[in-house]
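In: Dropping the sequence and predicted coords here.
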Amino acid sequence: MYNRILTALDPRERRLLSDELRKLDRMLGVGLGKLSWSMKKGVENFLGDCSRACKAMQALVAAVQRGRRVVAGRVAAVGRVELLGMDKSQVYAVSSFSAAHQAHLASAHFELAAHHGAIVATLSNLFTHFKDGTGEVRREVCIMCEMHSY
């Protein structure tokens, strides 16, 4: 399970989750060194704790990856919003174009606001887990937010 977690991470996600990975490494390291394998109950407890920690880490990795996909999809959708709506077969008078454009602009504004709200909500939910992280983690959070702030 631990190896699947590591292979699922790209370099940016690995930097973002570095604190959690370090904690998991320390937890697993106890079993490699100090644990007396002759104590059956101690081994069972250790394996149970490690399994729970790996499952929690796997859930966090899945949430981060899902959040990144949602944000990337919304950013792409923002890029597809047409800010100028014109019928190519129509010749507009200045007043009629202005009225038609204002209506189209209002719907584009509504669509952009919806995408923005979804991006902000996704990033806020995603990064609440990392607010108390080390400097490296907080820096990676800032980089990821800046990548999606247009």
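Out: In hand now; what should we look at? Residues are numbered from 1 along each chain as shown.
In: Chain neighbours aside, what residue packs nearest to Arg138?
Out: Spatial nearest neighbour of Arg138, chain neighbours left out: Phe130 (7.1 Å); criterion: C-beta to C-beta, 6 or more residues apart in numbering. No exception for glycine: its C-beta is placed from N, CA and C like everyone else's.
In: Repeat that for Leu28.
Out: Cys50 (6.0 Å).
In: Contacts for the lowest-mean-pLDDT helix or strand in the chain next, please.
Out: None of the helices or strands of the chain scores lower by mean pLDDT, DSSP states H and E than helix 135-147, at a mean of 75. Contact with helix 135-147 is made by Arg12, Arg15, Leu16, Leu17, Ser18, Asp19, Arg68, Leu123, Phe127, Phe130, Gly133, as judged by C-beta atoms under 8 Å, 6 or more residues apart in numbering.
In: what about the first one, how many residues close to it?
Out: Yep, that's Arg12 we're talking about. Using other C-beta atoms under 10 Å, Arg12 has 14 other residues around it.
In: Which of the helices or strands spans it?
Out: For Arg12, the host element (DSSP states H and E) is helix 11-16.
In: Can you list the buried residues in that helix?
Out: Glu13, Arg15, Leu16 (16 or more other C-beta atoms under 10 Å).
In: again, but for stretch 73-83
Out: Buried residues in stretch 73-83 (16+ other C-beta under 10 Å): Arg74, Val78.
In: The longest helix seen in the chain - what's its average pLDDT?
Out: In the chain, assigned by DSSP state H, the helix with the most residues is helix 40-80. Average pLDDT, helix 40-80: 87.
In: With stretch 87-100 instead?
Out: pLDDT averaged over stretch 87-100 gives 75.
In: end to end, how far does it reach?
Out: 10 Å (C-alpha to C-alpha, to the nearest Å).
In: Test my guess that His115 contacts Arg74.
Out: Yes - the pair His115 and Arg74 qualifies as a contact (C-beta atoms under 8 Å) at a distance of 4.9 Å.
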